[in-house]
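Visitor: for reference, the sequence and a predicted model appear below.
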Amino acid sequence: MDDLARLAALHGIATAYQPAADVTVQVPEATVKAVLGLLGVVTAAPGDIRAEADGAEREEAVRLLPPTLVHWQGDPAPPALAGLPAGTRVRVELEDTGACVPWSPALPLGVHRVAAEAPDGRTAEATLIEAPDRAPAAPGRTHGLLVQLYSLLSERSWGMGDLGDLAGLARWAGRTHGAGFIQVNPLHAAVPGTPTDPSPYRPSSRRFPDPVHLRIEDVPEYADCPDREALAELAARGGELRREVLEKGALIDRDAVWALKRAALELLYAVPRTSGREAAYAEFRAEQGPPLDKHAAWCAAAAGEDPDERLDFHRWLVWLTDTQLAAAQQAARGAGMAVGIVHDLAVGVHPDGSDARTGPFHARGICVGAPPDAFNARGQDWGLPPWRPDRLATAGYAPFRALLRGVFRYAGALRIDHVMGLFRLWWIPEGSPPAEGTYVGYDGEAMLAILVLEAHRAGSLVIGEDLGTVEPRVRAALARRGVLGTSVLWFERDWAGDGSPLAPGAWRADCLATATTHDLPPTAAKLAGAHVELRDRLGLLTRPLEREREQDAADTAEWLAVLDRLGLDTKGEEAAVRALYAFLLRTPARLVGVWLPDAVGDRRPQNLPGTWDQYPNWRLPVADAAGRPLTLEELVASPRANALLSAVGEGVRPRTAPPGARPV
């Protein structure tokens with residue numbers, strides 16, 4: 001191994017990777033040096049590289065403990081502790097009490113500090129994560145809905161779906177159809193702009209939610225606001241925005257919605273709070289501490305305001321949103337949902353957002369993405385700065401812990417977007433094309449242990465979005481620790497064999513099974529081939545239209561033939577959609593998710609990867625088969641929606657895979 005490869009390996013940077021079992025791609029030397037430089041490693045001359053590598057190896061050779069240790073309850077001592085020199089004194093400072101106790105495999109759960117003192121005088125301190133063996137298990141087999149909240153407008157919405165609409169959908173799905181969960185898009189705080197980036201996957205902060213989702217009328221101070229006339233005018237203008245979307249075909253305008261809600265919230269902020277409300281707000285501020293203050297100050301500055309004067313207003317907005325998120329979860333559980341609201345954790349944050357600008361944990365001059373693959377020959381640049389693994393480890397993963405605790409406050413389950421990012425991410429140096437990036441590794445066991453620990457504390461499930469190329473070790477580790485996977489029907493084929501659709505009994509049980517996702521065509525569009533025509537109109541096809549049509553039609557026909565052999569009715573679009581969901585119910589999947597647009601025949605994707613201004617990503621309301629936007633009230637009364645949800649609800653039964661069935 002040459003000096004650069006040695007140095008890169010010591011910092012978790014790949015110098016080569018394998019996109020397929022029989023293919024190895026070498027990473028450009030310039031990329032490796034650029035990433036090392038961004039981590040503070042000197043690589044200006046060959047001598048620097050050798051000196052840095054030699055020095056790092058010497059430090060590692062004499063180091064008593066790594067920065068972080070993980071102990072899963074029930075397992076033997078971590079290898080780093082078991083391998084300490086005989087006679088080493090090991091003490092553990094407990095997270096909750098601060099008490100110092102000798103190391104033992106029966107420590108309480110938590111993130112502790114461990115100190116070691118060897119007989120030769122060497123000392124070391126490290127973070128010790130004491131984690132439960134597994135994340136909480138799914139409470140039996142259940143089904144639910146997948147929805148982009150902004151797209152769900154009720155007759156009370158101010159131009160986009162809100163948390164009151166989410167609670168209403170949960171009550172209908174739970175009480176009428178016995179659904180166990182509703183999965184929503186990330187509700188993280190957005191970055192203000194002109195216009196605001198509509199993607200929920202490029203947030204300002206993943207830790208704090210966005211007040212644009214508030215139902216204004218549900219804020220307790222609304223009833224006591226003396227300026228009723230001004231509030232009524234703002235509500236009327238919100239109704240106009242709603243009608244523009246639902247009746248006139250306008251796109252959802254997040255900025256216009258927020259302008260109205262912001263004006264209303266300014267009025268409500270001036271209303272004196274009751275003593276109980278004031279005490280609850282003070283408790284929230286104390287729990288969230290300085291990170292909340294930093295985020296609120298950033299929000300004020302981003303809005304062109306004086307952070308000193310406007311700090312409390314923005315803290316108050318976060319608190320209001322947190323309380324309505326908790327209320328939505330309570331409504332879901334009150335409707336009989338076994339899980340409730342499944343929140344979505346985006347893979348990263350906007351480079352100019354609150355998280356990236358108020359802390360030292362994100363790398364500068366780097367974006368994450370994906371290497372070239374069969375679906376994108378040029379690779380992908382997501383424009384998101386990654387966490388620095390070295391600084392995360394030094395901080396004992398405190399930012400990750402705080403992030404998870406914040407979201408788990410109101411989540412029955414958490415979906416981790418691109419869950420493989422717990423183990424490694426594709427880093428792209430600024431100015432380089434996506435293909436010239438490299439993988440940078442994280443302490444996946446530590447990240448996973450924190451995730452499982454915080455899920456256990458909250459009593460929440462964890463779902464990993466593990467679509468695409470996933471290292472076998474990663475999927476095995478996730479399954480071992482109770483993290484459910486994601487299986488999408490169109491991708492479930494016997495890739496190790498003839499590539500034919502995977503029989504239902506061969507699907508893995510520990511997953512959320514769906515027919516489609518927000519990045520894929522709705523099922524009606526897939527059945528009709530409408531997504532191929534759409535991509536052709538936008539100039540996105542890389543092959544001739546006829547060839548794309550033929551391949552897509554053959555793929556769909558193959559699946560329909562499977563359904564026919566199983567005796568499922570596929571005559572007509574609505575019947576074929578029901579048949580595909582009936583197929584999912586024949587798998588052993590513990591969770592079965594229904595994409596809400598599928599329930600009403602909507603053919604428009606919510607997001608079309610590879611587009612920016614060519615397609616209205618993240619700005620479409622749920623619509624019927626004719627493209628007419630539907631209110632929540634119309635949706636819950638829809639015969640088509642009720643027929644599909646009834647069929648799925650009646651078909652949910654515990655199933656086990658037959659002997660010998662292999663996982664995906």
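Guide: Structure's in. What do you need?
Visitor: buried set for the helix or strand of the chain with the lowest mean pLDDT?
Guide: Within the chain, confidence by mean pLDDT, DSSP states H and E is lowest for strand 16-20 among all helices and strands, at a mean of 90. Neighbour-count burial for strand 16-20, counted by 16 or more other Cβ atoms under 10 Å, picks out residue 17. C-betas here are computed from N, CA, C, even on glycine.
Visitor: stretch 575-593 now?
Guide: 576-593.
Visitor: what's the answer for stretch 331-348, then?
Guide: So for stretch 331-348, counting by 16+ other Cβ under 10 Å, buried means 331-333, 335, 337-348.
Visitor: please apply the same query to stretch 52-65.
Guide: 52-53, 56, 64-65.
Visitor: follow-up on the earlier one: which of the buried residues of stretch 331-348 fall in helices?
Guide: 331-333 (DSSP state H).
Visitor: ok so, going back, give the partner strands of the least confident helix or strand of the chain in its sheet and their orientations.
Guide: The pairing partners recorded for strand 16-20 under DSSP bridges are strand 23-26 (antiparallel).
Visitor: and the next helix or strand past the partner strand?
Guide: Of the helices and strands lying after strand 23-26 in sequence (DSSP states H and E), the nearest is helix 29-38.
Visitor: pull out the buried residues from that following helix.
Guide: Within helix 29-38, the residues that qualify as buried by neighbour count (16+ other Cβ under 10 Å) are 31-36, 38.
Visitor: pipe those into TSV and attach distance to residue 353 per row.
Guide: Shown next, in TSV, are these (distance: Cβ to Cβ, whole Å):
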residue	distance to residue 353
31	25
32	28
33	28
34	23
35	22
36	26
38	19
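Visitor: hmm, which of those is lowest in pLDDT?
Guide: Of all the buried residues of helix 29-38, residue 38 has the smallest pLDDT value, namely 93.
Visitor: and it, how far is that from residue 526?
Guide: Residue 38 sits at a distance of 41 Å from residue 526 (criterion: Cβ to Cβ, to the nearest Å).
Visitor: before we move on, the earlier item: closest one to residue 85 out of the ones in helices among the buried residues of stretch 331-348, please.
Guide: Among these, residue 333 lies closest to residue 85 (Cβ to Cβ), at 51.9 Å.
Visitor: residues contacting the nearest residue to that closest one once chain neighbours are set aside?
Guide: With sequence-adjacent residues excluded and distances taken as Cβ to Cβ, 6 or more residues apart in numbering, residue 333 is closest to residue 340, at 5.0 Å. Residue 340 is in contact with 170, 181-182, 329, 332-333, 411-413, counting by Cβ atoms under 8 Å, 6 or more residues apart in numbering.
Visitor: ok, now residue 468?
Guide: 370, 373, 420.
Visitor: ok, residue 615 touching residue 604?
Guide: No. When contacts are counted by Cβ atoms under 8 Å, residue 615 is not listed as touching residue 604 (9.3 Å).
Visitor: can you get me a residue count around the closest residue to residue 439 other than its chain neighbours?
Guide: Once flanking residues are discounted, residue 439 sits nearest to residue 14: 4.2 Å by Cβ to Cβ, 6+ apart. For residue 14, the neighbour count with other Cβ atoms under 10 Å is 23.
Visitor: any idea how far residue 14 is from residue 35?
Guide: On the measure of Cβ to Cβ, residue 14 and residue 35 end up 10 Å apart.
Visitor: residues shared between the contacts of those two?
Guide: Joint contacts of residue 14 and residue 35 (Cβ under 8 Å, 6+ apart) are 8, 438, 440.
Visitor: which residue comes closest to residue 318 once chain neighbours are left out?
Guide: residue 208 (5.1 Å).
Visitor: hang on, the one you found is in a strand, isn't it?
Guide: Yes. Counting by DSSP: H, G, I helix; E, B strand; the rest coil, residue 208 falls inside a strand.
Visitor: quickly check the buried residues of stretch 331-348 for the two that are furthest apart.
Guide: Distances among the buried residues of stretch 331-348 were taken as Cβ to Cβ; the most separated pair is 335 and 348, at 33.1 Å.
Visitor: so which residues of the stretch 551-664 of the chain form helices?
Guide: Along the stretch 551-664 of the chain, counting by DSSP state H, counting those that start in this stretch, helices occupy 573-585, 596-600, 632-637, 639-651.
Visitor: among those helices, which comes closest to residue 83?
Guide: Nearest to residue 83, of those and by Cβ to Cβ, is helix 573-585 at 47.0 Å.
Visitor: what comes into contact with the closest one?
Guide: 143, 489, 504, 513-515, 523-524, 527-528, 559-560, 562-563, 566, 568-570, 592, 594, 598, 601, 625, 640, 643-644, 647-648, 651-653.
Visitor: are any of those buried, and which?
Guide: Buried among the contacts of helix 573-585 by 16+ other Cβ under 10 Å: 143, 489, 504, 513-515, 523-524, 527-528, 559-560, 562-563, 568, 570, 592, 594, 598, 601, 640, 644, 647-648, 652.
Visitor: list the ones among those that fall in strands.
Guide: 143, 513-514, 592, 594 (DSSP state E).
Visitor: tell me the one of these nearest residue 236?
Guide: Nearest member of those to residue 236, counting by Cβ to Cβ, is residue 594, at 34.8 Å.
Visitor: and the spatially closest residue to the closest one that is not a sequence neighbour, how far from residue 213?
Guide: Nearest non-adjacent residue to residue 594, counting by Cβ to Cβ, 6+ apart: residue 145, 5.4 Å away. With distances defined as Cβ to Cβ, the gap from residue 145 to residue 213 amounts to 17 Å.
Visitor: so what's the most centrally placed residue in the chain up against?
Guide: In the chain, the residue lying closest to the centroid (Cα atoms, centre = their mean) is residue 345, at 2.6 Å. Residues near residue 345 by Cβ under 8 Å, 6+ apart: 186, 206, 403, 407, 414-417.
Visitor: residue 629 too?
Guide: 153, 245-247, 249, 621-623.
Visitor: likewise for residue 619?
Guide: By Cβ under 8 Å, 6+ apart, the contact set of residue 619 is 150, 198, 251-254.
Visitor: show me the domain layout of the chain.
Guide: 3-62, 68-131 (automatic domain parsing).
Visitor: got the end-to-end distance for the first one?
Guide: What that stands for is domain 3-62. Start-to-end span of domain 3-62 (Cα to Cα, to the nearest Å) is 20 Å.
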